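Enquirer: here is a sequence with its predicted model. Questions after.
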Amino acid sequence: MEKKKKGRKKKLLTKKDIRMLSFLFLIIGIGLCIYSSIHLYMWYKDSKQIKEINEEIQEQVTIHEVEDDAIDETQPQESSDNNIEIVKPKQEVSKNNPYWNYIRMNLIDVDFSKLKKTNSDVKGWIQVNGTNINYPFVQTDDNSYYLTHSFDKSRNGAGWVFLDYRNDISTLDQNTILYAHARLDKTMFGSLKNILKNDWYYDTDNHIIKLSTEYQNTLWQVFSIYHIPTTNDYLQIHFSSEKEFENFAKKLQKRSKYKFDTTVSGSDKILTLSTCYSNNEKLVMHAKLIKIQNK
């Protein structure tokens with residue numbers, strides 16, 4: 001007797017099954033198209049609103065250049081202007097170091113009275129050479145509100161540039177931190193990706209950040225730029241000793257894509273700019289304070 005073959009026969013798809021699957025795939029495809037269209041529309045709407053808000057801000061505010069003709073050519077680290085302080089590096093700086101040119105650069109000064117009528121959260125203004133970053137920055141009691149709200153506090157996925165809620169802008173902590181989204185249209189910190197391009201790095205005039213607040217106008221010299229898997233280890237603000245801060249700064253310098261001829265000591269103050277590089281990476285820039293004008 002022949003043995004009966006065990007096992008089930010494979011069931012072939014009927015025409016009805018194929019029609020059902022085709023219809024299902026069609027529905028999924030239409031759904032994805034609708035979702036993408038809505039997402040694209042919202043992105044465009046947010047960007048348009050941010051552009052309008054920024055244009056209004058630029059019309060309201062005049063950024064004044066603060067010239068420092070008081071720097072003594074024979075003693076370039078001294079200024080006869082009592083309101084301006086040159087932050088002297090603890091280690092010797094070579095004559096060819098761009099630091100000597102940086103300390104002669106103009107500061108910026110901004111009147112915040114009009115901006116405060118729009119938003120009382122405004123804390124200062126930031127300019128980053130070689131990028132599109134030229135905005136007022138704000139601060140509230142958390143680090144989430146301005147991820148989804150613009151300068152006028154309207155709901156907006158583009159957010160705004162904001163100061164870490166732990167920072168005190170009136171005194172400047174050892175690490176002052178600013179955040180913003182990296183928008184594809186290069187608004188907010190979107191143009192910060194320019195710093196990873198060689199043409200940005202080789203123009204040393206780009207290695208400067210300018211801040212203006214109600215309390216002081218400041219100049220910062222870049223010493224590290226990098227992108228890194230998302231972490232918060234560069235977001236420490238307070239340090240128990242100069243040695244702890246020095247080790248912290250060395251860690252940041254070692255990460256840098258480029259080498260900057262800049263030393264950071266335990267008594268220095270630094271500025272950190274943080275944004276997204278990809279879904280799971282951050283793009284970070286660090287600079288140290290080299291010049292300050294008290295108001």
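Expert: Alright, I've got the coordinates.
Enquirer: can you give me the strands for the stretch 51-200 of the chain?
Expert: 63-66, 84-86, 107-110, 122-128, 134-138, 162-163, 175-179 (DSSP state E, counting those that start in this stretch).
Enquirer: what score does Lys48 have for pLDDT?
Expert: The score at Lys48 is 88. That number is its pLDDT.
Enquirer: count of neighbours near it?
Expert: Counted with other CB atoms under 10 Å, the neighbours of Lys48 add up to 12. Just so you know, the C-beta spots here come from the backbone N, C-alpha and C atoms, and that holds for glycine as well.
Enquirer: phi, psi of it?
Expert: Phi and psi for Lys48, reported as degrees, to the nearest 10, are phi -60, psi -40.
Enquirer: how far away is it from Gln253?
Expert: As for Lys48, its distance to Gln253 is 40 Å (criterion: CB to CB, to the nearest Å).
Enquirer: got the strands of the stretch 51-200 of the chain as CSV, with mean neighbour count and mean pLDDT columns?
Expert: Shown next, in CSV, are these (neighbours: other CB atoms under 10 Å; pLDDT from 0 to 100):
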stretch, mean neighbour count, mean pLDDT
strand 63-66, 14, 92
strand 84-86, 19, 93
strand 107-110, 20, 96
strand 122-128, 23, 97
strand 134-138, 21, 97
strand 162-163, 24, 98
strand 175-179, 24, 98
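Enquirer: of all those, which one is nearest Asn96?
Expert: strand 84-86 (18.4 Å; CB to CB).
Enquirer: tell me what that closest one is packed against?
Expert: The contact analysis (3 or more CB pairs under 8 Å, 6 or more residues apart in numbering; DSSP states H and E) places strand 84-86 against strand 281-294.
Enquirer: what strands line up against the strand it packs on, and which way round?
Expert: Paired strands of strand 281-294, with direction, are strand 84-86 (antiparallel), strand 216-229 (antiparallel), strand 270-278 (antiparallel) (DSSP bridges).
Enquirer: pull the distance from the shortest one to the chain's centre.
Expert: Looking back up the chat, that one is strand 84-86. The chain centre lies 25 Å from the centre of strand 84-86; the measure is CA atoms, centre = their mean, to the nearest Å.
Enquirer: the longest one too?
Expert: Computed by CA atoms, centre = their mean, the chain-centroid distance of strand 216-229 equals 9 Å.
Enquirer: identify each buried residue in it, please.
Expert: 216-227 (16 or more other CB atoms under 10 Å).
Enquirer: quick one: which of the strands paired with strand 281-294 is nearest Ser191?
Expert: strand 270-278 (10.1 Å).
Enquirer: and the angle for that closest one with strand 175-179?
Expert: On the basis of axes from the mean of the first three to the mean of the last three CA atoms, to 10 degrees, strand 270-278 is oriented at 30 degrees to strand 175-179.
Enquirer: circling back: and Gln58, which of the strands paired with strand 281-294 is closest to it?
Expert: So among these, strand 216-229 is nearest, using CB to CB, at 18.8 Å.
Enquirer: done for today, thanks.
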